[in-house]
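Q: need coordinates for the following:
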Amino acid sequence: MSLAKLFCLKSNYQLQTTRFLSLGSTGCTPFRGKLPDPIFKTKIARRANRKLKYDKYKEVVLAQRQRKPWEFIVQPDQRASWKHRKWMDPYLRRWVSKLPEPIEDKVLGLHYCEQRKPLQNCENVQELFTLMLDEHKGLKFVIPTFDQYFPQINSSYFHQYLTHTKYVHGLPYQLELGEIDERQFEHFVDFVEQLLIFQYNSKLCFNEIEDVYEKKTKMDSELMKSIVNYLSTTQLSSDVSLSYNTENSMFWIRGRGFIKKYMPEDISRSYQTHDRQLIQVSSSERLPCFSDFTSDLSNTGNIPYYNFSPYLYGHEDKFYRNMISAGQRFYAGDSDINYQEAYEARKLQELPPPKYNNNYFGHTQVCLLPSTYSRELYDDNLEHGDITSEIDEHLKSYGIMSGWTWTAGQASYAGHYMDNDVTEPWCSNVILFDGRHLSFFGYQLNTLAIDEDNVHEHERRNLCFGKTSVPLFEEVTQEGVNGLNIEALKILFKLLSKQESAAQNSEEIAEYERNLQVQEVDLENPDLEDQKPLHVRLQEEEEQRLALVEEERKKEEWEAKSLPSKAKHYGSSSVQKIKSIVGRS
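A: Okay, the predicted model is just below:
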């Protein structure tokens, strides 16, 4: 007999002996019966199931008694039967699966078009996500939307490849040349100016926060919340809803290449990204497209292609549940109602309408850069040289990934995926704010079919219009706001206003788009480190221009000198050379 079994028998014998020798409740005679096992066998379980002290939790207990049983948040084991993956057949008394036949090979289920055929049998989004996300158990590369510690150069080109996106310098026609109501815009400028002064004078409210980074995040978030709330209530329709502190997630497949030694070399790579927003504005009306679905801008141009592994830039492959979400969290009080409880109590008519809306379209989202982000981090210091040129690269890559994550998540919830592509554009706006500078992006999703099986079957490209590093103001003092940027306020005003459709001015928009500069890969030097973004080329041209100006200035100064001064210059230079030679010897 093993030692473990002997120990268990000994412990059981001691327990029964102790119970036998214990005194009865009415006399001194031993208790001859067998005591039942306790309901909660561990100390932690007994503490968890102990009743709340009424004196300490009086308000909580009274609040719980006032609520009806179907108003509590639904627990996983209390969901309605029609939400389960299986349902109980009342006649056969057995659980019947309501999903189509699962993918047989769980490792290669999504990597090839033939293995994705069961997705075509899905009747709703729930079944689609169950097969596409839950049944896929492979590793995936987690791509951050923003990495301020610059693990790579020219990151926007790499994110262009990952999302099959064409980056356009400049904003769409509606945001750049659209008309605005001058009177309402003047009120908005006055509001922003008074808001900045009020926030400057009320710094005492933020001085209670000891952490510098937390204080900065609090001030920036309060500023953007006030601006977005003002514009959404005055410029947008009443069917707009705001959500705070949301999170978007997107899972997709892109490219082929080596992952593990026991997998085929041509297997597709899986990617996952998560993005957090401060504010998310959604509407029941679709945002008008920025460019026509069949325009040259959406169907022409070179997209960068990189076949190297994301391991090269520190992107780890991880294994956890695949996720696709489009934000929109609940407010306080908007809990997920237990319809099953209400149905059993015959109280369905007393319930409010559900919060879920099939006509959910994203409009604009605001993202705050990390509190530790600073433009001074890119200056020349002991750790690295001058890399200020990477500021715009990181902002562009952030705008591309943030726009892709939100718009692709919305299209996925509408039932689209790589083999069931979108039939019309999905558009949304993205605003990045670091406390002083604003970056504006307009993302248009033209295709979800970017895997290797489908990307060569069409000509569509996703579009990302962007304008980075637009200062909002220079300085706020007691006297007022210095350098308030009217251009940034106009873009904000147009972003959060009703926008016209691109079809109304198709000819003007086509002419406007032909004059925009597009970021494309250099075909002669296609490597990532050899690419030169627009701001780098402009900086080099400016340096060359300044060098030519300086050369012309020196030439004019030399020609203006007299002959004796020129001879003296040559003589002094020759004497210095002779002295240096003598000194060396």
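Q: residue closest to the middle of this protein?
A: residue 275 (2.1 Å; Cα atoms, centre = their mean).
Q: beta partners of it?
A: Note on residue 275: beta-bridge partners by DSSP bridges are residue 248.
Q: residue 408 is in contact with that one, correct?
A: No. At 11.1 Å, residue 275 does not count as touching residue 408 under the criterion of Cβ atoms under 8 Å. Bear in mind the C-beta positions are built from the backbone N, C-alpha and C, glycine included.
Q: so which bits of stretch 199-215 are buried?
A: 199, 215 (16 or more other Cβ atoms under 10 Å).
Q: list the contacts of the residue nearest to the centre of the chain.
A: Residues in contact with residue 275 (Cβ atoms under 8 Å, 6 or more residues apart in numbering) are 145, 247, 248, 249, 367, 401, 402, 405, 406.
Q: drop anything exposed from these.
A: By neighbour count, with 16+ other Cβ under 10 Å, those hold 145, 248, 249, 367, 401, 402, 405, 406 as buried.
Q: just name the closest of the residues you listed to residue 282, please.
A: For the buried ones among the contacts of residue 275, the residue nearest residue 282 by Cβ to Cβ is residue 406; the value is 10.0 Å.
Q: tell me the pLDDT of that closest one.
A: Predicted confidence (pLDDT) for residue 406: 94.
Q: quick check: it is in a strand.
A: No. According to DSSP: H, G, I helix; E, B strand; the rest coil, residue 406 belongs to no strand; its state is helix.
Q: I figured it hits residue 366, correct?
A: No. Here residue 406 does not reach residue 366: they are 11.8 Å apart, not a contact under Cβ under 8 Å.
Q: nearest residue to residue 235 other than its sequence neighbours?
A: residue 497 (4.2 Å; Cβ to Cβ, 6 or more residues apart in numbering).
Q: residue 234 is in contact with the one you found, correct?
A: No. With contact defined as Cβ under 8 Å, residue 497 does not count as touching residue 234 (9.0 Å).
Q: of these two, who's got more company?
A: Applying other Cβ atoms under 10 Å to residue 497 and residue 234 shows that residue 497 carries more neighbours, namely 20 against 14.
Q: that older thread, residues in contact with the residue nearest to residue 235?
A: With contact taken as Cβ under 8 Å, 6+ apart, residue 497 is in contact with 180, 231, 235, 236.
Q: how far away is it from residue 521?
A: The gap separating residue 497 from residue 521 is 35 Å, by Cβ to Cβ, to the nearest Å.
Q: cool, residue 538 as well?
A: Applying Cβ to Cβ to residue 538 and residue 521 gives a distance of 18 Å.
Q: which of the two has more neighbours?
A: Neighbour comparison, residue 538 and residue 521: the larger count goes to residue 521, with 21 against 11 (by other Cβ under 10 Å).
Q: so what's the more buried one up against?
A: Listed by Cβ under 8 Å, 6+ apart, the contact partners of residue 521 are 157, 302, 303, 304, 305, 531.
Q: could you redo the last one with a cut-off of 6 Å?
A: Neighbouring residues of residue 521 by Cβ atoms under 6 Å, 6 or more residues apart in numbering: 302, 304.
Q: which residues in the stretch 351-500 of the chain form helices?
A: Counting by DSSP state H, counting those that start in this stretch, the stretch 351-500 of the chain has helices at residues 390-413, 486-495.
Q: by contact count, what packs against the longest one?
A: When contacts are defined as 3 or more Cβ pairs under 6 Å, 6 or more residues apart in numbering; DSSP states H and E, helix 390-413 sits against helix 155-163, strand 241-256, strand 268-283, strand 325-326, strand 361-368, strand 426-433, strand 437-445, strand 462-471.
Q: compute the inter-axis angle for it and strand 268-283.
A: If you take axes from the mean of the first three to the mean of the last three Cα atoms, to 10 degrees, helix 390-413 sits at 80 degrees to strand 268-283.
Q: would you confirm that residue 513 contacts residue 297?
A: Yes. In this structure, residue 513 is within contact of residue 297 by Cβ atoms under 6 Å, at 4.8 Å.
Q: quick one on the thing from earlier: can you say which of the helices of the stretch 351-500 of the chain is packed in most?
A: Comparing those by mean neighbour count (mean count of other Cβ atoms under 10 Å), helix 390-413 ranks first with a mean of 25.
Q: may I have that one as CSV, with CA atoms only?
A: Output of helix 390-413 as CSV, limited to C-alpha atoms (Å, rounded to 0.1, in the frame of the first residue of the first chain):
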residue,chain,number,x,y,z
GLU,A,390,11.0,59.1,-37.0
ILE,A,391,8.3,61.1,-35.2
ASP,A,392,6.2,61.4,-38.3
GLU,A,393,6.9,57.8,-39.2
HIS,A,394,5.5,56.6,-35.9
LEU,A,395,2.5,58.8,-36.1
LYS,A,396,1.7,57.6,-39.6
SER,A,397,2.1,54.0,-38.6
TYR,A,398,-0.2,54.6,-35.6
GLY,A,399,-2.9,56.2,-37.9
ILE,A,400,-2.7,53.3,-40.3
MET,A,401,-3.0,50.6,-37.7
SER,A,402,-5.7,52.4,-35.7
GLY,A,403,-7.8,53.1,-38.7
TRP,A,404,-7.4,49.5,-40.0
THR,A,405,-8.3,48.0,-36.6
TRP,A,406,-11.5,49.9,-36.2
THR,A,407,-12.9,49.8,-39.8
ALA,A,408,-11.9,46.2,-40.3
GLY,A,409,-13.6,45.3,-37.0
GLN,A,410,-16.8,47.0,-38.1
ALA,A,411,-16.8,45.2,-41.4
SER,A,412,-16.2,41.9,-39.7
TYR,A,413,-19.2,42.3,-37.5
